[in-house]
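Engineer: What shape does this take:
(one chain, ligands or ions: 1)
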Amino acid sequence: MSSTAICDNVSTSSFLTDVLRGLSQTEKTLPSKYFYDEAGSRLFENICELEEYYLTRTELSLMQLHAQEMSDAIGPDHVVLELGSGSSLKTQLLLKAMQRPAAYVPFDISQSALNEAVARLEQDFPSLNIAPVCGDFMSEIQLPSKLADHRGVVTYFPGSTIGNLNHKNAVALLERIRRVNAESDLLIGIDLEKDRQILLDAYNDSEGVTAAFNLNLLKRINNELNADFDLNQFRHQAVYNEQAHRIEMQLVSQVQQQVTIGEQVIEFAANETICTEHSHKYTIERFEELAAEAGFKVANSWIDEKDWFAVLLLTP
Ligand code: AVJ
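Structural biologist: Below you'll find the predicted structure:
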């Protein structure tokens, strides 16, 4: 088993359990959280630089234009807790704009991503108290004990990562964020519904980076769980599910085949799919309803001129 990919707070044996559970269903699935090993995190950074992947650059421009206003709405002396602190550009803009941030707590499932984020931020913010936490936000989220009772806390959750969760799990995650701290605000990035071709292009890029990102999940299963997926016999595909308002990423078995994972044999029919990721697209109204179910109100919103992406400030 690889030692650096997933941190100590995340049980490594649950990777095997989750993979076997997902592949034993009639509609095969794999949890998207396992995309982000070292190679996967690097591929995701490459995705963020693609012309077709408008999400990152649109959200970044919102931060460039409005971080000061966001900071003013949040207030001084806050602990900034960031969930899934992959890349740090947006974070840097927020931290620069924050008035006297009490601490920055990057929270990530990947130890390597966390180490890199900390190293980069230490350079640019030498006097900032950085207190990283390695963990899975699908379980209870806790601040380091020294910061647990701090008065102002803002959780920063950019990238529309919430879109990977179904409705029930998204509400449950927002509830966990609320439980971090009694006065915890949430600054969250969400991807908005738009022309389907723009969405499809963003997840079927012409350079094949998203395909490599998707297939890397099988490579990771091979490496860490003693499996024998033949990567040439699977292909990447992303479709838009209009009713469910989401992009669905799949790996398609090109032929009828058997794959062994540890002791288990999994059968694939020709053209059978594994669903590897849902990426929900929202309207402001639909997201507002979702947030309300978790007890959050929308206090502020920042949206680009094309209405492609929104950053919302939610308060209890
Ligand atoms: C990081 C989860 C927001 O759903 O757009 C990018 C991941 N998947 N391309 C997304 C992703 C395929 C991304 N999130």
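Engineer: CA atoms for contacts and neighbours, from now on please.
Structural biologist: Will do.
Engineer: What segments of the stretch 101-250 of the chain are helices?
Structural biologist: Using DSSP state H, counting those that start in this stretch, the helices of the stretch 101-250 of the chain run over residues 111-124, 167-180, 196-203, 209-225.
Engineer: Tabulate those helices in JSON lines, adding columns for distance to Gly75 and mean pLDDT.
Structural biologist: Converted to JSON lines, these look like this (distance: least, CA to CA, whole Å; pLDDT from 0 to 100):
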{"stretch": "helix 111-124", "distance to Gly75": "21", "mean pLDDT": "87"}
{"stretch": "helix 167-180", "distance to Gly75": "18", "mean pLDDT": "97"}
{"stretch": "helix 196-203", "distance to Gly75": "35", "mean pLDDT": "98"}
{"stretch": "helix 209-225", "distance to Gly75": "38", "mean pLDDT": "97"}
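Engineer: any idea which of those helices is most buried?
Structural biologist: Mean neighbours per residue, mean count of other CA atoms under 10 Å, is largest over the helices of the stretch 101-250 of the chain for helix 209-225, with a mean of 20.
Engineer: what does that one contact?
Structural biologist: In this structure, residues lying in contact with helix 209-225 by CA atoms under 8 Å, 6 or more residues apart in numbering are 1-2, 16, 34-35, 37, 39-40, 43-44, 46-47, 203-204, 227-229, 231, 234-237, 249-251, 261-262, 276.
Engineer: which residues touch the closest residue to the ligand within the stretch 151-300 of the chain?
Structural biologist: Taking CA to the nearest ligand atom, the ligand has its nearest neighbour within the stretch 151-300 of the chain at Thr161, 3.9 Å off. Contact analysis of Thr161 by CA under 8 Å, 6+ apart lists Gly189, Ile190, Ser279.
Engineer: Does the last one lie in a helix or a strand, and which?
Structural biologist: With elements taken from DSSP states H and E, the one containing Ser279 is strand 273-280.
Engineer: who in the chain is up against the ligand?
Structural biologist: Gly159, Ser160, Thr161, Asn164, Tyr203, Thr210, Ser279 (CA under 6 Å from any ligand atom).
Engineer: Isn't the last one up against His167?
Structural biologist: The reference is to Ser279. No: applying CA atoms under 8 Å, one finds Ser279 not in contact with His167, separated by 11.5 Å.
Engineer: who's the nearest residue to Leu114 once chain neighbours are set aside bridged to?
Structural biologist: Nearest residue to Leu114, sequence neighbours excluded (CA to CA, 6 or more residues apart in numbering): Asp108, at 6.2 Å. Going by DSSP bridges, Asp108 is paired in beta bridges with Cys134.
Engineer: related to what we said a few turns ago, how big is the angle separating the strand holding Ser279 from helix 209-225?
Structural biologist: Counting by axes from the mean of the first three to the mean of the last three CA atoms, to 10 degrees, strand 273-280 lies at 120 degrees to helix 209-225.
Engineer: In CSV: the contacts of Thr161, plus pLDDT and neighbour count.
Structural biologist: Listed next are the contacts of Thr161 as CSV, based on pLDDT from 0 to 100; neighbours: other CA atoms under 10 Å:
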residue, pLDDT, neighbour count
Gly189, 98, 26
Ile190, 98, 26
Ser279, 98, 22
